[in-house]
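A.B. asks: The amino acid sequence is not available; the structure is as follows:
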Ligand code: NAD
């Protein structure tokens, strides 16, 4: 097994691998299983020809990485962004394997991405890109094979197009091929809020563990999209004081608390810029991460807390909404500062948990009330939190390594039982 030396912390795949190695070593994982679980099962690259609105023929590059099918069908979002790389998709795919195992749902891990800028594409172009990408991948997808979901730059409408394209190819309606669909098309109630709700549940549990109170608890959130805006809203409603938020255009700070309902309407209803909201002081998008607070929730993109800036973080609890917001070299610095870290593969697993509920409902053909979805989500998140903390105590490791150990142990057990097909 390798070591952490000479690691490029900004390469998310190397960061993910380094944590895997530490946890695998602590677990005493056999060399063979270590190799098996380290590498993805399959990596697919597709070149997507699309006629643009102006009549030009353009070719986009897309990926789907299936990391593991050991515990069930692959599961993982699809990202549309100019920054997509194969290494990023690989890292995100492996995180999905560990995330599904941490919350103990019967999926492996996958991730997809297309190198494109959705903000510069028309709805018709996005639809054509999505349909051709799905068509190219159709033999690898399916409710029992690989089930995508939304991620950065993709939404319910894109999931609906994927579902329709796949269904056309197999000549029947298959809602369970994708999750995060509109509720009118086999989506689950509560899915849209699930990642944010999961973050709230985990933060509540962490506060209780540390003997802290919700009332007046100061929260800063980076990112005001699906995850960030939802968790901001739910925390504000629960009595937390959200004192800072940011999006790609900049940040907003108000030590007395930001009126999140009004800000939500400002950004997502009235489509105005977050930084222009009158209820706070303007800051930069990054600066908000380093203001003093009780709970810091990075919910935007990777590599935000690094060896270069982790010493500036001033929170008691770091609850990771984004995937990979903290690099491997920042982990030790946060540990030394005594920050209680709720790692991404636990903290943001609410989304995939309700995606699992959606898949179950699609297959049952019977849909649950939102209160049932939320109750079941709460049970899964609280139980997973307790299991991760138990691992941390038993093995004397930090919460992140504990989550990896719990996950790797579960996947390795399933793999030993299945054996290796010749
Ligand atoms: P989104 O596209 O809806 O929102 C992203 C937000 O981050 C936007 O507000 C954007 O302006 C902001 N942002 C981007 N770059 C930034 C920067 N440099 N500084 C500050 N803000 C910046 O995406 P999302 O679905 O909310 O996903 C956010 C993160 O959460 C991603 O890492 C994603 O992988 C992860 N995640 C999402 C889900 C889900 O259910 N959507 C589930 C688990 C994890």
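C.D. replies: All right, it came through fine. Note that the coordinates shown come from a computational prediction; the quantities given were computed from them, not determined experimentally.

A.B. asks: Please make it C-alpha for all contacts and neighbour counts, starting now.
C.D. replies: Noted.

A.B. asks: quick one: the residue in the stretch 1-150 of the chain positioned nearest to the ligand from residue 113, how far?
C.D. replies: Nearest residue of the stretch 1-150 of the chain to the ligand, counting by Cα to the nearest ligand atom: residue 150, 6.0 Å away. The gap separating residue 150 from residue 113 is 10 Å, by Cα to Cα, to the nearest Å.

A.B. asks: ok, residue 48 - contacts?
C.D. replies: Residue 48 makes contact with 59, 60, 61, 62, 129, 132, 133, according to Cα atoms under 8 Å, 6 or more residues apart in numbering.

A.B. asks: Repeat that for residue 312.
C.D. replies: Residues counted as contacts of residue 312 (Cα under 8 Å, 6+ apart) are residue 290.

A.B. asks: Model confidence at it, what's the number?
C.D. replies: On pLDDT, residue 312 comes in at 98.

A.B. asks: for residue 5, same thing?
C.D. replies: Turning to residue 5, the model gives it a pLDDT of 55.

A.B. asks: quick revisit: overlap in contacts, residue 150 and residue 113.
C.D. replies: By Cα under 8 Å, 6+ apart, residue 150 and residue 113 have these common neighbours: 78, 79.

A.B. asks: what about the two, which has more around it?
C.D. replies: residue 113 (28 against 23; other Cα atoms under 10 Å).

A.B. asks: Tell me, how many residues neighbour the nearest residue to that one once chain neighbours are set aside?
C.D. replies: Residue nearest to residue 113 in three dimensions, not counting chain neighbours: residue 79, with 4.4 Å by Cα to Cα, 6 or more residues apart in numbering. Residue 79 has 25 neighbours, counted by other Cα under 10 Å.

A.B. asks: pLDDT at residue 79, what is it?
C.D. replies: Looking at residue 79, its pLDDT is 97.

A.B. asks: buried sites along stretch 320-334?
C.D. replies: 320-331, 333-334 (16 or more other Cα atoms under 10 Å).

A.B. asks: Can you lay out the residues you listed as a markdown table showing pLDDT, distance to residue 117 and secondary structure?
C.D. replies: Output for these, formatted as a markdown table (pLDDT from 0 to 100; distance: Cα to Cα, whole Å; DSSP: H, G, I helix; E, B strand; the rest coil):
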| residue | pLDDT | distance to residue 117 | secondary structure |
| --- | --- | --- | --- |
| 320 | 98 | 25 | coil |
| 321 | 98 | 22 | coil |
| 322 | 97 | 19 | coil |
| 323 | 94 | 20 | coil |
| 324 | 95 | 21 | coil |
| 325 | 97 | 21 | coil |
| 326 | 97 | 24 | strand |
| 327 | 96 | 25 | coil |
| 328 | 95 | 28 | helix |
| 329 | 96 | 30 | helix |
| 330 | 97 | 30 | helix |
| 331 | 97 | 31 | helix |
| 333 | 98 | 34 | helix |
| 334 | 98 | 34 | helix |
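
A.B. asks: how would you label the residue in the stretch 51-200 of the chain that the ligand sits nearest to: helix, strand or coil?
C.D. replies: Of all residues in the stretch 51-200 of the chain, residue 152 sits closest to the ligand, at 4.1 Å by Cα to the nearest ligand atom. Here residue 152 is coil, with the state taken from DSSP: H, G, I helix; E, B strand; the rest coil.

A.B. asks: In space, what's closest to it - neighbours in sequence excluded?
C.D. replies: Per Cα to Cα, 6+ apart, closest to residue 152 is residue 79, 5.0 Å.

A.B. asks: Can you list the buried residues in the longest strand seen in the chain?
C.D. replies: For the chain, the strand with the greatest residue count under DSSP state E is strand 57-68. Applying a neighbour-count criterion of 16+ other Cα under 10 Å, one finds 61, 62, 63, 64, 65, 66, 67, 68 buried in strand 57-68.

A.B. asks: I'd like those residues laid out as a markdown table, including pLDDT.
C.D. replies: Shown next, in a markdown table, are the buried residues of strand 57-68 (pLDDT from 0 to 100):
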| residue | pLDDT |
| --- | --- |
| 61 | 98 |
| 62 | 98 |
| 63 | 98 |
| 64 | 98 |
| 65 | 98 |
| 66 | 98 |
| 67 | 98 |
| 68 | 97 |
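
A.B. asks: Any chance of the backbone angles for residue 147?
C.D. replies: phi -120, psi 100 (degrees, to the nearest 10).

A.B. asks: okay, it: pLDDT?
C.D. replies: Reported pLDDT for residue 147: 98.

A.B. asks: Spatially nearest residue to the residue nearest the centre of the chain, not counting backbone neighbours?
C.D. replies: With distances taken as Cα atoms, centre = their mean, residue 323 lies nearest the centre of the chain, 4.8 Å away. Excluding its sequence neighbours, the residue lying closest to residue 323 (Cα to Cα, 6+ apart) is residue 344, at 5.6 Å.

A.B. asks: And residue 150, by the same measure?
C.D. replies: Leaving out its chain neighbours, the residue that sits closest to residue 150 by Cα to Cα, 6+ apart is residue 77, at 4.9 Å.

A.B. asks: just residue 115 next, same as before
C.D. replies: Computed as Cα to Cα, 6+ apart, the closest residue to residue 115 that is not its neighbour in sequence is residue 82, at 4.9 Å.
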